[in-house]
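Undergrad: generate coordinates for the sequence data below:
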Amino acid sequence: MRVLDPDGMPPLNDVDGNRVSVDAPNAYWSYGTVSRTGIVHISGQVAWDEDGETVGEEDIARQAEKALEHFGTVLEAAGATPQDVLKVTAYVTDMDDVHKIAEVRHDFFDGHTPASSIVEVDSLYTDDLLVEIEGVAELPE
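TA: Numbering: from 1, shown residues only. Model prediction:
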């Protein structure tokens with residue numbers, strides 16, 4: 001398994017909330033992994049900037065745009081593109097806002113239609129986050 005740690009991503013935190021690198025012994029997650037068979041798992045991406053600050057507070061479309069920007073960065077680090085995504089799951093804090101991320105998602109996938117799920121949750125990692133997006137892709141041959 002290959003662990004993905006692309007440049008320009010928000011900081012990772014250990015269980016105590018301290019910033020760490022993806023290969024630190026106390027890191028408990030990564031941005032994504034690639035299996036020996038070429039399956040890419042992209043961890044849930046949110047609208048954080050490089051300092052870990054939320055982008056687009058109270059604007060789910062802007063947050064989806066930033067989360068998908070990170071999603072694309074992880075895909076690129078793996079050697080994949082949005083066209084290689086097999087499944088995507090979006091977690092939202094208000095199902096009434098789903099239509100607000102539809103255009104952003106459509107633009108990101110450029111007509112590609114991976115299998116999809118949208119799940120409403122009570123909250124995400126911080127109270128100002130409105131959407132988190134994770135997915136599975138397959139490396140092109």
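
Undergrad: I'd guessed D49 sits against M9; true?
TA: No. Look at D49 against M9 with CB atoms under 8 Å: they stay out of range, at 9.9 Å. Every residue, glycine included, has its C-beta placed from N, CA and C.

Undergrad: so the two - more neighbours on which side?
TA: Legend: neighbour count by other CB atoms under 10 Å for D49 and M9, higher for M9 (19 against 13).

Undergrad: what residues sit buried inside stretch 84-103?
TA: Within stretch 84-103, the residues that count as buried by 16 or more other CB atoms under 10 Å are D84, V85, V88, T89, A90, Y91, V92, T93, D97, V98, K100, I101.

Undergrad: of all these, which comes closest to Y125?
TA: Taking CB to CB as the measure, Y91 is the one of those closest to Y125, at 10.3 Å.

Undergrad: what residues does the helix or strand hosting that closest one touch?
TA: Remark: Y91 resides in strand 85-92, with elements defined by DSSP states H and E. Strand 85-92 has contacts (CB atoms under 8 Å, 6 or more residues apart in numbering) with 44, 60, 64, 75, 98, 101, 105, 109, 112, 114-121, 124, 130-138.

Undergrad: what of stretch 106-115?
TA: Contact partners of stretch 106-115, identified using CB under 8 Å, 6+ apart, comprise L68, F71, G72, P82, Q83, V85, L86, K87, V88, G135.

Undergrad: circling back to that earlier point, now, the most widely separated pair of the buried residues of stretch 84-103?
TA: Of all pairs drawn from the buried residues of stretch 84-103, the one with the longest distance (CB to CB) is D84 and T93, at 28.4 Å.

Undergrad: with adjacent residues omitted, what lies nearest to the most centrally placed residue in the chain?
TA: Centroid-nearest residue in the chain: Q45, 2.3 Å away (criterion: CA atoms, centre = their mean). Nearest residue to Q45 in three dimensions, chain neighbours excluded: H70, at 4.0 Å (CB to CB, 6 or more residues apart in numbering).
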